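Chemist: have a look; sequence and predicted model below, questions after that.
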Amino acid sequence: MNPAITEIQTSVAGGVGLITLNRAKALNALSLTMVQALLGTLRAWRDDPAVFAVAIRGTNKAGPPGSPDSFFGSFCAGGDIRFFHQAALANDPALETFFTEEYTLNHLIHNYPKPYIAFMDGIVMGGGMGICQGPALASPTGNIGSAPGKPSARQVGVVRIVTERTKMAMPETGIGLFPDVGGGYFLSRCPGNAGEYLALTGNTIGGDQAVAWGLADVCLPAHTLPTLWAALQVQGSAEALQHWITTNVIAPYVDSTRAIASFDADILAAFGMDSISAIVSALDAQGTEAAKAVAATLRHRSPLMLHVVLEQIRRARSLSLADDLRMERGLVQHCFYTAHLERSGASSETVEGIRALAIDKDFKPAWNPARIEDVTPQMVTPFFVSPWSADAHPLRNLA
């Protein structure tokens, strides 16, 4: 590989800042270097009057780096969990820096003052969701996006494009973590109890379902993405770009996408119960193969973190994004340094989960407690006590 090709490629063409995640061998998983590069680039473009919009995409392993076949097909598989494991065992302060910087990046994207177009093709998981969620770009007559609670007359925002190849998930309970990067905020604002379902199971959904649940704005055929990427660069102004997106990207597809997507209403209803045990019992009582499969998935996730995540989603419904990110920054600190349970490093739920999934790959995490029924409120509540005072919080300056 040409040494000049880095993990983050950036350029400006026709007034549009172009970002390509270029770590295909790791499915574009975010390293600390990548997070810091994204932060620096987006801050510079935010303040540059010559840049009126930003577009971001990923690369894949299909062709030589930089060839037409190497673009799209994979967006971002999340944070670099191997780094998390290594840093936690070494007590490396870079671990704390990573989450502070990443959550700052998430907040910046959500509040970006210029249109931000995310090509969420292929794998979009965990931290990958954090760099593509935000208020939808609005048309002059109303809100394009499908997620609830978004402004209806805003001339900036995010256009979240998915395809038939999109595989979207927040799978953190499978590694003893929780859906962070603002996951509490954007999942809790999905319709009904879809947010609880996604957060607790970690199950994957496709592009159509992502649009239906407000996690994407439009599902386009994957083969159209290269043409769209090129067209963004010749619009000439933010106003022209917004008009072009409204008429040529959103309008032809969004209604048909919403009509196609559907999901088992009974399963979602179970996720409205007030506890993890009640959710599993409700799924068991349904007796269908689909409900049994979902219940089985929950029994394989970290029992402790299932309880924490349910509380996270329920609390986040009434929080601003900034306050949610501050809550999540405390949660992640407790995940790696669980002082109230006298666990840290290899004994923490998160490090054990990563070990089983990505390091030893035995897929047999030794969860502690081992059963959903053995988790007590005394184990869960301290996760929501901030490790810092308000004026010392690493994210105290988020607006």
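Modeler: Here it is on my side, so go on. Residues are numbered from 1 along each chain as shown.
Chemist: what's around the nearest residue to residue 193 once chain neighbours are set aside, how many residues?
Modeler: With CB to CB, 6 or more residues apart in numbering as the criterion, residue 193 has its nearest non-adjacent residue at 3.9 Å, and that residue is residue 271. C-beta coordinates here come from the backbone N, C-alpha and C atoms, glycine included. Residue neighbour count, defined by other CB atoms under 10 Å, stands at 23 for residue 271.
Chemist: what does residue 278 give?
Modeler: 12.
Chemist: which helix or which strand is home to it?
Modeler: With elements taken from DSSP states H and E, the one containing residue 278 is helix 276-286.
Chemist: list the helices and strands that helix packs on?
Modeler: If contacts are counted by 3 or more CB pairs under 8 Å, 6 or more residues apart in numbering; DSSP states H and E, helix 276-286 sits against helix 194-201, helix 265-270, helix 289-300, helix 303-316.
Chemist: got the domain ranges for this structure?
Modeler: Listed by automatic domain parsing, the domain ranges of the chain are 8-166+206-260, 265-392.
Chemist: mean neighbour count, these: which tops it?
Modeler: Per residue and on average, the most neighbours among the domains of the chain fall to domain 8-166+206-260, with a mean of 20 (mean count of other CB atoms under 10 Å).
Chemist: could you look up the SS state of the most centrally placed residue in the chain?
Modeler: Here the mean C-alpha position of the chain is nearest to the C-alpha of residue 129 (CA atoms, centre = their mean), at a distance of 2.3 Å. Classification of residue 129 using DSSP: H, G, I helix; E, B strand; the rest coil returns helix.
Chemist: wait, it sits on residue 168?
Modeler: Yes. Using CB atoms under 8 Å, residue 129 is in contact with residue 168, at 7.2 Å.
Chemist: give me the common contacts of those two.
Modeler: Shared contacts of residue 129 and residue 168, defined by CB atoms under 8 Å, 6 or more residues apart in numbering, are found at residue 215.
Chemist: follow-up on the earlier one: so what's the residue nearest to residue 193 scoring on pLDDT?
Modeler: Here the pLDDT value assigned to residue 271 is 98.
Chemist: wait, is residue 119 part of a strand?
Modeler: Yes. According to three-state DSSP, residue 119 belongs to a strand.
Chemist: am I right that it is in contact with residue 76?
Modeler: No. Taking CB under 8 Å as the definition, residue 119 is not a contact partner of residue 76, at 10.7 Å.
Chemist: quickly list what's touching both of the two.
Modeler: Contact criterion CB under 8 Å, 6+ apart; residues bridging residue 119 and residue 76 by contacting each: residue 58.
Chemist: just to revisit the earlier point, would you turn the helices and strands packed on helix 276-286 into a markdown table with distance to residue 352?
Modeler: Putting these into a markdown table (distance: least, CB to CB, whole Å) gives the following:
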| stretch | distance to residue 352 |
| --- | --- |
| helix 194-201 | 19 |
| helix 265-270 | 28 |
| helix 289-300 | 14 |
| helix 303-316 | 11 |
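Chemist: out of those helices, which gets nearest to residue 160?
Modeler: Across the helices and strands packed on helix 276-286, residue 160 has its closest neighbour in helix 194-201 (15.3 Å, CB to CB).
Chemist: got the angle for that closest one vs helix 289-300?
Modeler: Using axes from the mean of the first three to the mean of the last three CA atoms, to 10 degrees, the direction of helix 194-201 lies 50 degrees away from that of helix 289-300.
Chemist: which neighbouring elements make contact with helix 194-201?
Modeler: For helix 194-201, the packing partners by 3+ CB pairs under 8 Å, 6+ apart come out as helix 183-188, helix 265-270, helix 276-286, helix 289-300, helix 303-316.
Chemist: alpha carbons of that helix, as CSV, please.
Modeler: Output for helix 194-201, consisting of C-alpha atoms alone and laid out as CSV, is shown next (Å, rounded to 0.1, in the frame of the first residue of the first chain):
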residue,chain,number,x,y,z
ALA,A,194,-37.6,-0.7,18.8
GLY,A,195,-34.8,1.0,20.6
GLU,A,196,-34.9,-1.5,23.5
TYR,A,197,-35.0,-4.4,21.1
LEU,A,198,-31.9,-3.1,19.2
ALA,A,199,-30.0,-2.1,22.3
LEU,A,200,-30.6,-5.3,24.3
THR,A,201,-30.3,-8.0,21.5
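Chemist: before we move on, back to that, go through the helices and strands packed on helix 194-201 and name the closest to residue 163.
Modeler: helix 183-188 (19.8 Å).
Chemist: what's the spacing between that closest one and its chain's center?
Modeler: Between the mean C-alpha point of helix 183-188 and the mean C-alpha point of its chain there is a distance of 9 Å (CA atoms, centre = their mean, to the nearest Å).
Chemist: please apply the same query to stretch 220-229.
Modeler: Averaged over its C-alpha atoms, stretch 220-229 has a centre that lies 22 Å from its chain's centre (CA atoms, centre = their mean).
Chemist: what lies in contact with it?
Modeler: Where contact means CB under 8 Å, 6+ apart, the residues beyond stretch 220-229 that reach it are 18, 55, 57, 68, 71-73, 119, 121, 161-165, 249, 253.
Chemist: and which of the residues you listed is nearest to residue 218?
Modeler: The nearest member of the contacts of stretch 220-229 to residue 218, counting by CB to CB, is residue 253 at 5.0 Å.
Chemist: does that closest one really touch residue 218, like I thought?
Modeler: Yes. Using CB under 8 Å, residue 253 makes contact with residue 218 at a distance of 5.0 Å.
Chemist: one step back: which residues does the residue nearest to residue 193 contact?
Modeler: Listed by CB under 8 Å, 6+ apart, the contact set of residue 271 reads 193-194, 196-197, 200, 279.
Chemist: now those as CSV including pLDDT and distance to residue 85?
Modeler: Converted to CSV, the contacts of residue 271 look like this (pLDDT from 0 to 100; distance: CB to CB, whole Å):
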residue, pLDDT, distance to residue 85
193, 95, 32
194, 95, 30
196, 98, 28
197, 98, 28
200, 98, 23
279, 98, 29
